[in-house]
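Asks: what would the 3D arrangement of this be:
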Amino acid sequence: QVRLVESGGGLVQTGGSLRLSCAPSGRTFSNDGMGWFRQAPGKEREWVAVISPGGRNIFYRDSVKGRFTISRDRANDTLYLQMNSLKPEDTAKYYCAADPDGSWADSSAWGYWGQGTQVTVSS
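Replies: Here you go, the predicted structure:
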């Protein structure tokens, strides 16, 4: 069974930092794009950051540019999201995704999803 397991979420004050991790099991995604999405209550799931298989191409949504950093460790096939200068509006459940087939900004294009990890930023 293929799984993506996220960790690292939690409660943090405004301006704080968190580092999310995503570890696959059941197969490797070293040759696939990977990304982070988030979904706040009552809102649609939105993409946050995506990274190409080799890590050369990286994209961020405007609201997180300069604050979040996506990276991947191909040796252990783990995806990361370093989140700094967190704001209350970053509060959401964050999901790891892998293997897009189509527009990476479209959540329906991604083949594999984790269960999500909650990030809550208090004001």
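Asks: return the set of residues that bridge with residue 92.
Replies: Counting by DSSP bridges, residue 92 forms beta bridges with residue 119.
Asks: which residue is nearest the centroid of the protein?
Replies: The residue lying closest to the centre of the chain (CA atoms, centre = their mean) is residue 36, at 2.1 Å.
Asks: what's the helix or strand for that one?
Replies: Using DSSP states H and E, residue 36 sits within strand 34-39.
Asks: what's next to the helix or strand following that strand, contact-wise?
Replies: Toward the C-terminal end, the helix or strand that comes next after strand 34-39 (DSSP H and E) is strand 46-51. Counting by CB atoms under 8 Å, 6 or more residues apart in numbering, strand 46-51 makes contact with 33-39, 57-61, 64, 68, 70-72, 79, 81, 94, 100, 104-105, 107, all of which sit outside it. Where you see a C-beta, it was placed from the backbone N, CA and C, and this is true even at glycine.
Asks: and if you look at stretch 60-71?
Replies: Counting by CB under 8 Å, 6+ apart, 35-36, 46-51, 55, 58, 79-86, 89-90 sit against stretch 60-71.
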